[in-house]
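Chemist: kindly return the folded structure for what I paste below:
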Amino acid sequence: MSTIVETHDDHGHHGPAKGLTRWLFTTNHKDIGTLYLWFSFLMLFIGGTMAMVIRAELFEPGLQIIQPEFFNQMTTNHGLIMVFGVIMPAFVGLANWMIPMQIGAPDMALPRLNNLSFWLLPMAFGILISTLFMDAGGPNFGWTFYAPLSTTYAPDTVTFFIFSIHVMGASSILGSINIITTILNMRAPGMTLMKMPLFVWSWLITAYLLIAVMPVLAGTVTMMLMDIHFGTSFFNAAGGGDPVLFQHIFWFFGHPEVYIMILPAFGIVSHVIETFSRKPIFGYTSMVYALTSIAILSFVVWAHHMFTVGMPLAGELFFMYSTMLIAIPTGVKVFNWVATMFKGSISFETPMLFAIAFVALFTIGGFSGLMLAIVPADFQYHDTYFVVAHFHYVLVPGSLFGIFAGVYYWIPKWTGNMYDETLGKLHFWLSFISVNLTFFPMHFVGLAGMPRRYPDYALQFADFNAMVSVGAFIFGFTQLLLLFIVIKAIRTGKKASHEVWEDTKDWGLEWTLDSPPSYHTFTVQPEVK
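Modeler: Below you'll find the model as predicted:
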């Protein structure tokens, strides 16, 4: 990739921007997408290191290497970094790179806002991570930061945590405004909404979700701030407040948030599966409606995280049935992916391997989610490792594998070079085996009653925990291989051909290095004068 770009100011003066200046002040959607992706990669290693600290401690019973207090700080920061620092920025990076190209736009609608959206993130995470080096210690109350644990009993650094959450939320809202504006106003002539690529659709819906729920999170942490510093009692029962109110507000943000972290992966996987099956996606319209239904339903199921707080039976029934309802549009999507592959001329390049693993393992995460939706069963599963297994199956072989599939699929487009296919397949198989070794046994220890967020456990869970820790370390170190593959592709990868995925050219499904995406997503008609 060239290190010199032409920049121009508002008066149209041109001049080359070099080195650091280019990256600091860039308004180019491709540069900003690249920044998001590298930032997300860095955060993956930081958050992953925290996960390895957790798993090293849990390798055998008893306290080995860290104190319970630090263990709590690690679980909290691991969760926050992986959700807000890895999955979301990676998807925004993919959106920045691909959406303008997929809709035939020259750039994002608001390029300077785009630059600001990115640079807010390193600031936010700098603040969050810096708390670990302060005397009071970092946030230690879990990534869900339930009050009163995060208000009455929290370390003084909770104020820094609140500020960093505000800055992350601002970044997400600004990025979403940009994405919606771009998609609605800058599509090529002839591209109607129902001709847009599914990745664009998935992000249009995700952006609306973000704008709807990020202010709720901002309100939650503001109420925390008032309780801590200004004598209010929003969440303090002694002053007439209600700790359960915190859970309602948090999960009204938190449940749509988990769909924000998976919807863009649905879009990516749809593209990858149709390309390597040599077939247009089965049921495009139903895919769009399914995406929309999932997004709408995500707003009415928040209290399934709260079955154990003692809600009325009618409430439990409503949230149980509405949660199960989400399985229907999700099932439609899985059916369509499988139907796209059915009788297709499939080839198993790295992106396709990650996409197929996504479909299989995300479905497992969905099934355990259905189990958790059953109220009397949830009383048993709640706060055990079964829940940890459930959401990690959705977020690691789900969101993260979706991101990996997208990176392998589009990296020839981004760099003009191919990645090393043999190393890509090695990365896939190591990741696939280790991710299952890590998270599948958690179902068993959870069902047997092992609670989450404890640095120690009873002897009967020792064997499974040793397996989980070994799997986690293999998975973590495997991602260094991905780093090597990406750098190798950028620096010494062989030039990508004009039709990047060679075998697909007879089917008209390839995207080329200088054209919009595949034929069936849209046709650009010339404007009629």
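
Chemist: the bottom helix or strand of this protein by mean pLDDT?
Modeler: Across the helices and strands of the chain, mean confidence by mean pLDDT, DSSP states H and E is lowest for strand 4-8: a mean of 43.

Chemist: show me what the helix or strand Ser172 falls within is packed up against.
Modeler: Here Ser172 sits within helix 158-185, counting by DSSP states H and E. Counting by 3 or more Cβ pairs under 8 Å, 6 or more residues apart in numbering; DSSP states H and E, the packing neighbours recorded for helix 158-185 are helix 88-103, helix 111-130, helix 198-229. The C-beta positions use only the backbone N, C-alpha and C, and glycine is treated the same way.

Chemist: most neighbours per residue, which of those helices?
Modeler: helix 88-103 (a mean of 26; mean count of other Cβ atoms under 10 Å).

Chemist: what packs against that helix?
Modeler: On a contact count with 3+ Cβ pairs under 8 Å, 6+ apart, helix 88-103 meets helix 29-57, helix 111-130, helix 158-185, helix 198-229, helix 263-277, helix 401-415.

Chemist: show the average pLDDT along it.
Modeler: Average pLDDT, helix 88-103: 97.

Chemist: what angle do helix 401-415 and it make with each other?
Modeler: 50 degrees (axes from the mean of the first three to the mean of the last three Cα atoms, to 10 degrees).

Chemist: could you give me the buried positions within stretch 320-331?
Modeler: Within stretch 320-331, the residues scored as buried using 16 or more other Cβ atoms under 10 Å are 320, 322-323, 326-327, 329-330.

Chemist: list just the nearest of the residues you listed to Phe266.
Modeler: Nearest to Phe266 out of the buried residues of stretch 320-331 is Thr330 (Cβ to Cβ; 9.1 Å).

Chemist: in what helix or strand does that closest one lie?
Modeler: Counting by DSSP H and E, Thr330 is found in helix 327-341.

Chemist: pull the residues that contact that helix.
Modeler: Helix 327-341 is contacted by residues 266, 269-270, 273-274, 277, 279-283, 286-287, 289-291, 293-294, 297, 356, 359, 362-363, 366, 369-370 when judged by Cβ atoms under 8 Å, 6 or more residues apart in numbering.

Chemist: picking up where we left off before, of the helices and strands packed on helix 158-185, which is nearest Gly416?
Modeler: The minimum distance between Gly416 and the helices and strands packed on helix 158-185 falls on helix 88-103, with 13.7 Å, by Cβ to Cβ.

Chemist: quick check: next helix or strand after the helix holding Thr330?
Modeler: helix 350-373.

Chemist: tell me the gap between the next helix or strand after that following helix and the middle of its chain.
Modeler: Using DSSP H and E, the helix or strand that follows helix 350-373 towards the C-terminus is helix 375-381. Mean-position distance between helix 375-381 and its chain equals 27 Å (Cα atoms, centre = their mean, to the nearest Å).

Chemist: let's have the chain start at 131 instead
Modeler: All right, first residue 131 from here; so that's helix 505-511.

Chemist: just checking, what packs against the next helix or strand after helix 505-511?
Modeler: Using DSSP H and E, the helix or strand that directly follows helix 505-511 along the chain is helix 515-524. Judged by 3+ Cβ pairs under 8 Å, 6+ apart, the packing partners of helix 515-524 are helix 480-503, helix 551-577.

Chemist: specify the angle between the longest one and helix 531-545 in degrees.
Modeler: Right, the one you point to is helix 551-577. Using the same axes, to 10 degrees: helix 551-577 against helix 531-545 is 160 degrees.

Chemist: ok, back up a step: from the chain's centroid, how far away is the helix holding Ser302?
Modeler: 15 Å.

Chemist: and that helix, which residues are buried?
Modeler: So helix 288-315, judged by 16+ other Cβ under 10 Å, has buried residues 288, 290-310, 312-313.

Chemist: ok, stretch 543-562 next?
Modeler: Buried, per 16+ other Cβ under 10 Å, within stretch 543-562: 543-545, 547-550, 553-554, 557-558, 560-562.

Chemist: go on, stretch 564-581?
Modeler: Those would be 564-576, 580, for stretch 564-581 by 16+ other Cβ under 10 Å.

Chemist: picking that back up, output the helices and strands packed on helix 288-315 in CSV, with distance to Phe175 appended to each entry.
Modeler: What follows is the helices and strands packed on helix 288-315, written out as CSV (distance: least, Cβ to Cβ, whole Å):
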stretch, distance to Phe175
helix 218-233, 13
helix 241-260, 12
helix 328-359, 25
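
Chemist: for the record, mean pLDDT for the helix holding Thr460?
Modeler: pLDDT averaged over helix 457-471 gives 97.

Chemist: list every C-alpha atom in it, with coordinates, as CSV.
Modeler: Provided in CSV are the C-alpha atoms of helix 457-471 (Å, rounded to 0.1, in the frame of the first residue of the first chain):
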residue,chain,number,x,y,z
ALA,A,457,-35.2,-18.2,16.9
ILE,A,458,-37.6,-18.0,13.9
PRO,A,459,-35.9,-15.3,11.8
THR,A,460,-32.5,-16.6,12.9
GLY,A,461,-33.5,-20.1,11.7
VAL,A,462,-34.6,-18.5,8.4
LYS,A,463,-31.1,-17.2,7.9
VAL,A,464,-29.4,-20.5,8.8
PHE,A,465,-31.8,-22.3,6.4
ASN,A,466,-31.0,-19.8,3.6
TRP,A,467,-27.2,-20.2,4.1
VAL,A,468,-27.5,-23.9,3.9
ALA,A,469,-29.8,-23.7,0.9
THR,A,470,-27.3,-21.5,-0.8
MET,A,471,-24.6,-24.1,-0.3
